[in-house]
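Q: Attaching a predicted model along with its sequence, questions to come.
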Amino acid sequence: MDRVRVLDACRRDGARLAKTYRLGRMGLGAIELWPEDAPEPSAGTPAQPFDASPWLDHELFGLLPLGWHAATNQRGTVLLQCEPEPGEQLIEAGNLIERMATGKESAPADWHRLSQDQRCDVLTTRLMVEPETARLIAQRVIRRLARLQPDSGHT
């Protein structure tokens, strides 16, 4: 049953992809890539809902930073956003501990007093990227998407 859902999601996402993309809106922890030939959505238009895309995450492996994932919507827009899973936050926690142990970084303020949820928020914030880095990521992903033609059999 899970395998069928995964294959259906792969087909859905493959069918949604456009041949070329351009950089869309960028925000803290999120980048939208719009199909090249699609009009720019107006500011007052609510975004269509996005569906997580494990297939696209797999296809973009190595291009997206730790904790970043891809989603698509029916308009063919690709959303890249910082939504770390618990395992990814654990990796970042290990990275932070290693940097603190080697003296490369000090502990975040009041780290030992923070609740688990607050620590997760700190770790998520650490996984966000600067705007210039976000642009570089977007450029690399756009080039990769150009090679993922909807009919290329990547499902």
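A: Sure thing, it's come through.
Q: buried stuff in stretch 62-72?
A: By 16 or more other C-beta atoms under 10 Å, the buried positions in stretch 62-72 come out as Leu63, Leu64, Gly67, Trp68, His69, Ala70, Ala71, Thr72. The way it works is simple: take the backbone N, C-alpha and C, and place the C-beta from them, glycine included.
Q: my read: the fifth one touches Trp55, true?
A: This means His69. No - counting by C-beta atoms under 8 Å, His69 does not reach Trp55; the two are 11.4 Å apart.
Q: Pull the contacting residues for Gly24.
A: Contacts of Gly24 were listed using C-beta atoms under 8 Å, 6 or more residues apart in numbering, and they are Ile31, Glu32, Leu33, Trp34, Glu40, Thr77.
Q: In strands only, show me those.
A: Counting by DSSP state E, the contacts of Gly24 place Ile31, Glu32, Leu33, Trp34 in strands.
Q: hang on, the earlier thing: output the contacts of Gly24 in JSON lines; the columns should cover pLDDT.
A: Output for the contacts of Gly24, formatted as JSON lines (pLDDT from 0 to 100):
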{"residue": "Ile31", "pLDDT": "95"}
{"residue": "Glu32", "pLDDT": "93"}
{"residue": "Leu33", "pLDDT": "94"}
{"residue": "Trp34", "pLDDT": "93"}
{"residue": "Glu40", "pLDDT": "80"}
{"residue": "Thr77", "pLDDT": "91"}
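Q: what's around the nearest residue to Ser106 once chain neighbours are set aside, how many residues?
A: Nearest residue to Ser106 in three dimensions, chain neighbours excluded: Met100, at 6.7 Å (C-beta to C-beta, 6 or more residues apart in numbering). Using other C-beta atoms under 10 Å, the number of residues around Met100 comes to 14.
Q: So Met100: helix, strand or coil?
A: Here Met100 takes the helix state, with states given by DSSP: H, G, I helix; E, B strand; the rest coil.
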